[in-house]
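In: this one's sequence-less:
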């Protein structure tokens, strides 16, 4: 299975997501979609607007958590909900052109405080597929 996807996992008092994709860039996009799905309870997001984002990180796991927290900040702080992204990875972070819907804070239906490092897993399988598990503090 080389396609991207995600599922929600039972986790004590928080929400854990498991994500898989054929590349790290696709994994980051899929993880962001999963976060937005939790935040909006699967509301339909119109891909009508764009914004850019640059962030620094120390390694792949840090990049994943920081990316999700930036996507969360855009949603809660700016009302911009991600539907897709074009990501370029760098040794010390990433650059992204994000597609989504601005002024959409009315679609936020649940609270997420942050993506966490608790029980964080990110790996590349022998097949080349990337898999991750991230706990969201709700």
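Out: Right, received. Where do you want to start? All values reported here derive from a predicted model rather than from experimental measurement.
In: Look up how far residue 21 lies from the residue nearest the centre of the chain.
Out: The centroid of the chain falls nearest to residue 32 when counting by Cα atoms, centre = their mean (2.0 Å). Residue 32 is 11 Å from residue 21, where distance means Cβ to Cβ, to the nearest Å. For glycine as for every other residue, the C-beta is placed from the backbone atoms N, C-alpha and C.
In: what does residue 38 give?
Out: From residue 38 to residue 21 the distance is 18 Å (Cβ to Cβ).
In: and if you look at residue 102?
Out: Per Cβ to Cβ, residue 102 is found 26 Å from residue 21.
In: Who has more neighbours out of these two?
Out: A direct count of neighbours by other Cβ atoms under 10 Å for residue 102 and residue 21 places residue 21 higher, at 21 against 15.
In: which residues touch the more buried one?
Out: Taking Cβ atoms under 8 Å, 6 or more residues apart in numbering, we find residue 21 in contact with 3-5, 27, 29-30, 129-130.
In: Mind giving me the PyMOL command for buried ones among the residues you listed?
Out: A single PyMOL command is used to select the members of the contacts of residue 21 judged buried by 16 or more other Cβ atoms under 10 Å:
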select buried, resi 4+27+29+30+129+130
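In: Tell me which of the contacts of residue 21 fall in helices.
Out: Under the assignment DSSP state H, the contacts of residue 21 contribute 27, 29-30 to helices.
In: Quick one: distance of the longest helix that the chain contains to the chain centre.
Out: Longest helix in the chain, counting residues (DSSP H): helix 60-78. In terms of Cα atoms, centre = their mean, to the nearest Å, the centre of helix 60-78 is found 7 Å from the chain centre.
In: repeat for stretch 35-54
Out: Using Cα atoms, centre = their mean, the offset of stretch 35-54 from its chain centre is 10 Å.
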